[in-house]
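predicted structure and sequence below. I'll ask about it afterward.
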Number of protein chains: 2
Amino acid sequence: MHRIARKPWQTGMVTSNTPPAQGTRLDPWFGAYAQRAHNMRASEVRALFAVASRPEVVSLAGGMPNLADLPLDDIAELTAKVIATEGMTALQYGSGQGRPLLREKIVDVMRLEAIDAHPDDIVVTTGSQQALDLVTRIFIDPGDVIIAEAPSYVGALSVFRSYEAEVEHVHMDAAGLVPSELEESIVRLKEQGKRVKFLYTIPNFHNPAGVTLSLERRHQVVDICKRHGVVVIEDNPYGLLGFDGEPLPAMRSFEEEGVVYLGSFSKTFAPGYRVGWVVAPHAVREKLVLAQESAILCPSHASQMAIEAYLSNHDWKRQIEEFRSMYKSRRDAMIAALSEFLPDATWNVPEGGFYVWVKLPPGLDSKTMLPRAVTGRVAYTPGTAFFYDGTGADHLRLSFCYPDEATIREGVRRLAAVISAERESVEIFGTTPQLDDVTDVDVPGPDIA
Amino acid sequence: MHRIARKPWQTGMVTSNTPPAQGTRLDPWFGAYAQRAHNMRASEVRALFAVASRPEVVSLAGGMPNLADLPLDDIAELTAKVIATEGMTALQYGSGQGRPLLREKIVDVMRLEAIDAHPDDIVVTTGSQQALDLVTRIFIDPGDVIIAEAPSYVGALSVFRSYEAEVEHVHMDAAGLVPSELEESIVRLKEQGKRVKFLYTIPNFHNPAGVTLSLERRHQVVDICKRHGVVVIEDNPYGLLGFDGEPLPAMRSFEEEGVVYLGSFSKTFAPGYRVGWVVAPHAVREKLVLAQESAILCPSHASQMAIEAYLSNHDWKRQIEEFRSMYKSRRDAMIAALSEFLPDATWNVPEGGFYVWVKLPPGLDSKTMLPRAVTGRVAYTPGTAFFYDGTGADHLRLSFCYPDEATIREGVRRLAAVISAERESVEIFGTTPQLDDVTDVDVPGPDIA
């Protein structure tokens, strides 16, 4: 057996297989990436969020839930019992669809939003982000169109980009997605020969827009999508976190065949286990299980059983009541601070969830302003993160989920000072300093999800 | 606002967007799936594995590790302490790359195979299956070629299929992948204008072939791939589970830029946490982090911290020694049983890992024989699972990881009886009964992974 002489790596790379690098000359594999990988790039804004995580900065940017009220000692004890008594199962591989007991518990959770599902309809996922990934994987070929609200969840847009989808944004108003615009978009896109695969919508306490789709419109949206053969992807991480009254019925509660529903324990319990789920019509669910097994073999047994133990032994409904009350108080603090410090901006008052969507005074750009905000020790998410085409710079998203009331007030106060300085700069110079080389905020990152 | 009348769903589906279903007429969404989804189908053999999980069947089919020796009480206590004292972190979102402390621990683990890595080089994944998915995601466009051993890991082939790759199999002998065949394949494929993106290889105690790539060939394989600009994907779940002597150096130990290394805690600790990792050159790793954030936002903090606690507080190297000794004894039991009951078959004697690759006596077909084996209360994985084109019916894979020695012996005894009956059938009828509608065993499923 002869030994082949080793040559310098760089020499090896100059082949027809790997064309010379463009733009990233330090990466010898630049020419070998898939087309979709070229859509993945870290933004300048992302780097800023690393700075924004410093303790002196008030971050109103993240979507991290406040876990301070969780009964950690109880959870510790429950988890230990699972490992000690059922460890051979908890530490072993499981089924790609997820554990039957957890799926039964999920049926109970969804009943609160009028969903009458069977455990067989459910596929457990690694957070509902993975549900989004799997749904997109089975439906989207490059160039297929996804309709989404304007604005839409940054993590969903990132998934859609990675599958090379086209995204059509449809406007929202105070009652959510506007059905007539949805139908006009579908008709126009089909006339253009496009394949419109699904509507991606967050009906409750929208991320980032904060609005909720009215009951009447829920029926209209489902009807429109049915008539046009478009799947409705109903993403509902915040549905149980309304501040007043009862949850509206999910679209899945009155339409089984046309709706794929995504749920999550990240906001109603804890994100650290990474457990979400998807409810889908029979044949779609079969595809999702196959996709799941290909992606990760099976969701974590240890995580699933920890959540089963929590749901079986803890008053999880009362815990959600506590979360609702706590987040409502923080929402109130943010709205009060906005009224006090930022009277020239406009915003909605969300009835649940984590976010306020703020329209800046005219002439300001939330993306180029961000570095100066971070210097001013406050962080937010620029509106550009929530549009596929990077528009939306006249808005920003403020999160009231993680910081306490006093911190929220201080953060908004600092933001007002940054905006005030920015407006002076606009008035004097006609523009504001630009952030060099800012590209899209196209990466979710848990810190801004 | 007018209310749009609802129409029957089936009517809505007959649109240009959703062509009439073919083959799966009961699925209204058949026409809406992505091309890749049509490659995902459950096989008849998969259904048999459900039967094979009955207690009266001896399953030599699965790749589940034996967890009976794990110190469950200690793990329970460590896990409880993590939740009770660091629960606010353990239950929260984390970074897409994974926790720095866990990545430091992983560096220690990899040092046992001579890998000198930095924690920054590592991305934590939801099992190494997800590492495979992410690596394929960033490198493979439809039609790109992946070179893999013949046979190769069924779960990898499933990932490659879902990204619409072409797979070229290269032969192995007792010293592993044959380098001259690797180079001939690359040259031939490039001459055909194909884009050869990576070599996927399992160098240690191969799944399913059981062989180990010699040290000399490791250098040759890396050299060949370097010269041709082909990435080496070194998948190494079993490397620390050799039965005698020290582990061979990983290819990553002598080549950093050209090797993407996949590791896992599933076989050396426990699969239930779903924690694996990938080590990649800088720019590739950056892409993997972005792909990871899009796929799941971040790997589970709770899982990562449970493994950190185990590695920090338990003598995990001694635990691996115990696993090695236990699996060696099971390997010996299987080889002894094969010699005793199946002298007409041939097999290799693996020096580590979980699997024996058995060549059947002439004229037999492991796929069509499987239902009769299950009837005979023994299950195995047919060789066809491990070839992209569904060939390999003259082989089957036997796993010695999960059942104990006596059960292994009984399983092989039953298999011998099934084979004996099958040979009689061949001698009398010239063929064996065929399994109707068997398609590829193209789904990993944790039970056969």
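Thanks, I have the structure now.

CA only for contacts and neighbour counts going forward, please
Fine.

okay, now the unreliable bits of the stretch 251-400 of chain A?
Counting by pLDDT under 70, the stretch 251-400 of chain A contains no low-confidence segment.

and the residue in the stretch 251-400 of chain A that chain B sits nearest to, what is it in contact with?
At 3.7 Å from chain B, residue A:272 is the closest residue in the stretch 251-400 of chain A, using CA to the nearest CA. Under the criterion of CA atoms under 8 Å, 6 or more residues apart in numbering or on different chains, the contact partners of residue A:272 comprise A:266, B:89-94, B:300-302.

what is the nearest of those residues to residue B:394?
When the contacts of residue A:272 are compared for distance to residue B:394 (CA to CA), residue B:300 wins out at 41.3 Å.

surely that closest one is in contact with residue A:273?
Yes - with contact defined as CA atoms under 8 Å, residue B:300 reaches residue A:273; the gap is 5.3 Å.

between those two, point out the one with more neighbours.
Neighbour count, other CA atoms under 10 Å in any protein chain shown: between residue B:300 and residue A:273, residue B:300 has more, with 33 against 28.

among the contacts of residue A:272, which ones are in helices?
The members of these that map onto helices under DSSP state H are B:89-90, B:301-302.

where's the residue nearest to residue A:378 when sequence neighbours are not counted relative to residue B:256, distance?
Leaving aside its chain neighbours, residue A:378 sits nearest to residue A:58 (4.7 Å; criterion: CA to CA, 6 or more residues apart in numbering or on different chains). For residue A:58, the distance to residue B:256 equals 40 Å [CA to CA, to the nearest Å].

more neighbours, these two?
When residue A:58 and residue B:256 are compared on other CA under 10 Å, the one with more neighbours turns out to be residue A:58, at 24 against 18.

circling back to that earlier point, could you pull out the residues contacting both of residue B:300 and residue A:273?
Among the neighbours of residue B:300, none is also in contact with residue A:273 (CA under 8 Å, 6+ apart).

returning to what we had before: identify the farthest-apart pair in the ones in helices among the contacts of residue A:272.
Taking CA to CA as the measure, the ones in helices among the contacts of residue A:272 reach their widest spread between B:89 and B:302, a distance of 8.3 Å.

those two - which one has more neighbours?
Neighbour count, other CA under 10 Å: between residue B:89 and residue B:302, residue B:302 has more, with 28 against 16.

enumerate every residue touching that one.
Listed by CA under 8 Å, 6+ apart, the contact partners of residue B:302 are A:272-273, A:303, B:90-91.

hmm, back to that, okay, the contacts of residue A:272 in JSON lines with distance to residue A:186 next?
Supplementary listing: these in JSON lines, determined by distance: CA to CA, whole Å:
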{"residue": "A:266", "distance to residue A:186": "32"}
{"residue": "B:89", "distance to residue A:186": "44"}
{"residue": "B:90", "distance to residue A:186": "43"}
{"residue": "B:91", "distance to residue A:186": "41"}
{"residue": "B:92", "distance to residue A:186": "39"}
{"residue": "B:93", "distance to residue A:186": "36"}
{"residue": "B:94", "distance to residue A:186": "38"}
{"residue": "B:300", "distance to residue A:186": "38"}
{"residue": "B:301", "distance to residue A:186": "41"}
{"residue": "B:302", "distance to residue A:186": "42"}
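
neighbour-wise, which of those residues leads?
residue B:300 (33 neighbours).

just checking, what packs against the lengthiest strand in chain A?
Of all the segments of type strand in chain A, defined by DSSP state E, the longest one is strand A:166-173. Helices and strands touching strand A:166-173, as assessed by 3 or more CA pairs under 8 Å, 6 or more residues apart in numbering or on different chains; DSSP states H and E, comprise strand A:145-150, helix A:179-191.

tell me which of the ones you listed sits most buried.
Comparing the helices and strands packed on strand A:166-173 on average neighbours per residue, with mean count of other CA atoms under 10 Å in any protein chain shown, the densest one is strand A:145-150 at a mean of 24.

gap between it and the chain center?
The gap between the average C-alpha position of strand A:145-150 and the chain average comes to 14 Å, counting by CA atoms, centre = their mean, to the nearest Å.
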